[in-house]
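Chemist: requesting a structural model of the entry that follows:
(chains A and B)
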Amino acid sequence: AQSVAQPEDQVNVAEGNPLTVKCTYSVSGNPYLFWYVQYPNRGLQFLLKYITGDNLVKGSYGFEAEFNKSQTSFHLKKPSALVSDSALYFCAVRDMNSGAGSYQLTFGKGTKLSVIP
Amino acid sequence: GAVVSQHPSWVICKSGTSVKIECRSLDFQATTMFWYRQFPKQSLMLMATSNEGSKATYEQGVEKDKFLINHASLTLSTLTVTSAHPEDSSFYICSAHDNYGYTFGSGTRLTVV
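Modeler: Now for the predicted structure:
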């Protein structure tokens, strides 16, 4: 079974400050990790993903995430927050060793990011 | 990049009627599509997984006779909410999977009155 935890329902940060949105995961095999952003009444937009390789993954809109295998974490970060970054952020995982044809993603509950001007 | 078109983006229907939501992959072939339901301020709940040409696999607790899923081609999957009731009001999102990852539709806000 695979699971994702986003421990914070909401994160508030001042514009221009660095932001972190936390995510931890649990899979039986190797993880395939994603971050998505959702604006009100919209679908999910892809930010970045980790499959293998460098632990630091760079994505869209200046976001990055660091894969930490020992801590089973994949926290989303951005050096300088913008007001337009305010949205709902979802972490998701898929077990790369799951059976053939099983491509289901498991999502965290989401973290609402508010960037204060 | 990959684009998934989902429509309608919003729909209001009367209780007891049926509503069809379409999800199309515009520039790639999606062998697998997923349908999610999202309640306000909550995460995405997977309803079913559909593979082209075969019956959808529904998650536990999802009524397959109420939420009919058809994946007739590699670029089109449809979700039909039959005999809709107010408790079916929600935000429905589709997602298509190909070799490069997952692409999501823009969602459909269903309101049953």
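Chemist: so B:Ala72 versus B:Val3, what's the distance?
Modeler: Taking C-beta to C-beta, to the nearest Å as the measure, B:Ala72 and B:Val3 are separated by 20 Å. C-beta here means a position set from N, CA and C on the backbone, and glycine is covered the same way.
Chemist: pull the contacting residues for residue 15.
Modeler: No chain in the question, so chain A it is. A:81-83, A:115-117 (C-beta atoms under 8 Å, 6 or more residues apart in numbering or on different chains).
Chemist: the intended chain is chain B.
Modeler: Shown in contact with B:Ser15 (C-beta under 8 Å, 6+ apart): B:84-86, B:112-113.
Chemist: near chain A, which residues of chain B are found?
Modeler: Contact residues, chain B versus chain A (C-beta under 8 Å from any C-beta of the partner chain): B:4, B:6, B:9-10, B:32, B:34, B:41-44, B:46, B:49, B:51, B:91, B:93, B:95, B:97, B:101-107, B:109.
Chemist: repeat that for 7 Å
Modeler: Contact residues, chain B versus chain A (C-beta under 7 Å from any C-beta of the partner chain): B:6, B:32, B:42-44, B:46, B:49, B:93, B:97, B:101-102, B:104-107, B:109.
Chemist: surely B:Ala2 touches B:Thr103?
Modeler: Yes. Using C-beta atoms under 7 Å, B:Ala2 is in contact with B:Thr103, at 4.3 Å.
Chemist: neighbour count winner among those two?
Modeler: Between B:Ala2 and B:Thr103, counting by other C-beta atoms under 10 Å in any protein chain shown, B:Thr103 is the more crowded of the two (23 against 17).
Chemist: rounded mean pLDDT for whichever strand or helix holds A:Glu66, please.
Modeler: Using DSSP states H and E, A:Glu66 sits within strand A:64-68. Mean pLDDT, computed over strand A:64-68, is 96.
Chemist: what is the helix or strand just after it packed up against?
Modeler: Proceeding N to C from strand A:64-68, the next assigned helix or strand is strand A:73-78, under DSSP H and E. Strand A:73-78 is packed against strand A:19-21, strand A:64-68, with contacts defined by 3 or more C-beta pairs under 7 Å, 6 or more residues apart in numbering or on different chains; DSSP states H and E.
Chemist: any low-confidence regions in chain B?
Modeler: Within chain B, no range satisfies pLDDT under 70.
Chemist: show me the strands in it, by range?
Modeler: B:4-7, B:10-13, B:19-25, B:32-38, B:44-51, B:57-58, B:67-73, B:76-81, B:90-98, B:101-104, B:108-112 (DSSP state E).
Chemist: what packs against the first one?
Modeler: Looking back up the chat, that one is strand B:4-7. strand B:19-25, strand B:90-98.
Chemist: can you do 10 Å?
Modeler: Counting contacts by 3 or more C-beta pairs under 10 Å, 6 or more residues apart in numbering or on different chains; DSSP states H and E, strand B:4-7 packs against strand B:19-25, strand B:76-81, strand B:90-98, strand B:101-104.
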